[in-house]
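Q: Sequence and predicted model, in that order:
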Amino acid sequence: MSESVATTTDITAVGRRTSAIQLVRLRKTFQASVGDRAVVAVDDVDLEIGQGEFFSLLGPSGSGKTTVLRMIAGFELPTGGAVLLDGVDVTQRAPYDRDVNTVFQDYALFPHMTVQRNVEYGLKVKGVGKAERRRRAGEMLESVRLGGFGTRKPTEMSGGQRQRVALARALVNQPKVLLLDEPLGALDLKLREEMQGELKAIQHDVGITFIFVTHDQGEALSMSSRVAVFNNGRIEQVGTPRDIYERPTTPFVANFVGTSNVLSASLSLRLLGVGAPHTLRPERIRVIEPSTILGDDEVSADGRIDDTQYLGAESRVRVRLDDGTVLIASVGSDGLDMVAIGDPVRLAWPRRAPTAVAESAPPVDLDPDRPPAPPNPSVQRPSSQQGENQ
Ligand SMILES: Nc1ncnc2c1ncn2[C@@H]1O[C@H](COP(=O)(O)OP(=O)(O)O)[C@@H](O)[C@H]1O
Ligand SMILES: [Mg+2]
């Protein structure tokens, strides 16, 4: 690889601050085993995570989340850039020489050992004495609500309980940072929701920085202090769950985190007087009779009902506007009684509800020595963009 690791001067300049973790232009390319095409898994990621944060890396499968986590843990060496823990450059250090622990999706518990011995294991490796080990493992099992389960084997426990054993085993080493890679992925929905609450409470109790990888936006929004949204090896947006949901800065974020409508630049110009693409959440849109008078601060567009979808707590209607744009609006559970497919309707929303968005970052999947490929048609773009060169 021709890329160089960031210079020492760059790193020390950033390292004076006291973030728990800093990623400085972190990059990872993989040479595919078949063919000679390099995959850019992580594309110059810059990120700072504060002490005690519950920070989520959110993105679709293949967007680079696990690779970032593995570089923080030291299981993967970056192609370029640096990883700093507590301001110290650990990029070249072995995993055991970093103050981090990882909880894997499959828990990786030792099946032949009791729960107590599983949790004690890391302390034993570090040479902590037997009595001290027993005490600390016992305390940790209490704090993950598994006091009294120490003598069981992992096979005698439910998925959620095993997940908490894995958590206790990682936390007992008192790492500065705990890395969690889709740890709830193997659980069914109900248990997953319960564990979301528990994980957040446990993190609050122990005060350790958590970095949590997930492709589930609900999970990321419900637990995190902040979220980084990944797409094609890059971060599209970093912010609080509210920022990400209410003020997405790219169409990709708007669509990946919840459902959103994208108003093209030309439609935005016509409706809002601003010639840039905007996103608009379905729940901000009112579905009303075409003749309804609007509120002072409302914007509207007329169209016809294209389709309806019953979703339980809420329902959705698809409306095709006169210019062909399709918008989705949420209506209350009985809202579907008022409309039928083909009905003319008016959609109205507060003037300030739409959020201006920039284009999503284009994907990078190229060896630097190769000629540029044509644009990837699978990238999500607003339906009509003013020009290709912005
Ligand atoms: N060991 C590897 N060898 C080759 N390609 C890899 C390897 N690990 C990951 N990748 C590729 O890197 C990209 C990012 O993968 P990953 O970090 O696992 O994504 P995520 O965790 O977001 O699903 C994907 O295109 C994946 O196929
Ligand atoms: Mg992954």
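A: All right, it came through fine. Ligands and ions are numbered 1, 2, ... in the order given.
Q: Which helix or strand contains residue 24?
A: Per DSSP states H and E, residue 24 falls inside strand 21-31.
Q: List the buried residues in the helix or strand following that strand.
A: Toward the C-terminal end, the helix or strand that comes next after strand 21-31 (DSSP H and E) is strand 38-49. Using 16 or more other Cβ atoms under 10 Å as the test for burial, strand 38-49 gives 38-45, 47-49. For every residue, glycine as well, the C-beta is placed using N, CA and C.
Q: try stretch 207-218
A: By neighbour count, with 16+ other Cβ under 10 Å as the criterion, the buried positions of stretch 207-218 are 208-215, 217.
Q: Could you write out the alpha-carbon coordinates of stretch 335-349 in CSV?
A: These are the backbone C-alpha positions of stretch 335-349, laid out as CSV (Å, rounded to 0.1, in the frame of the first residue of the first chain):
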residue,chain,number,x,y,z
GLY,A,335,-56.6,8.2,9.7
LEU,A,336,-57.0,5.5,7.0
ASP,A,337,-60.8,5.6,7.5
MET,A,338,-60.9,9.0,6.0
VAL,A,339,-59.0,8.3,2.7
ALA,A,340,-59.2,5.9,-0.2
ILE,A,341,-56.7,5.3,-3.0
GLY,A,342,-57.2,7.8,-5.8
ASP,A,343,-58.7,10.5,-3.6
PRO,A,344,-57.4,14.1,-4.1
VAL,A,345,-55.8,15.4,-1.0
ARG,A,346,-53.8,18.4,0.2
LEU,A,347,-50.6,17.8,2.2
ALA,A,348,-49.6,20.6,4.6
TRP,A,349,-46.6,21.0,6.9
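Q: any residues touching it, and which ones?
A: In this structure, residues lying in contact with stretch 335-349 by Cβ atoms under 8 Å, 6 or more residues apart in numbering are 280, 284-292, 294-295, 298-308, 310, 315, 317, 319, 321, 327, 329, 331.
Q: Just to check, residue 262 is in contact with residue 251?
A: Yes - the pair residue 262 and residue 251 qualifies as a contact (Cβ atoms under 8 Å) at a distance of 5.2 Å.
Q: if you look at the buried residues of stretch 207-218, which of them are in helices?
A: Cross-referencing the buried residues of stretch 207-218 against helices under DSSP state H gives residue 217.
Q: JSON lines please, covering the buried residues of stretch 207-218 and showing distance to residue 235 and pLDDT.
A: Formatted as JSON lines, the entries for these read as follows, by distance: Cβ to Cβ, whole Å; pLDDT from 0 to 100:
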{"residue": "208", "distance to residue 235": "23", "pLDDT": "93"}
{"residue": "209", "distance to residue 235": "18", "pLDDT": "96"}
{"residue": "210", "distance to residue 235": "18", "pLDDT": "96"}
{"residue": "211", "distance to residue 235": "13", "pLDDT": "98"}
{"residue": "212", "distance to residue 235": "15", "pLDDT": "97"}
{"residue": "213", "distance to residue 235": "13", "pLDDT": "96"}
{"residue": "214", "distance to residue 235": "15", "pLDDT": "96"}
{"residue": "215", "distance to residue 235": "15", "pLDDT": "95"}
{"residue": "217", "distance to residue 235": "15", "pLDDT": "93"}
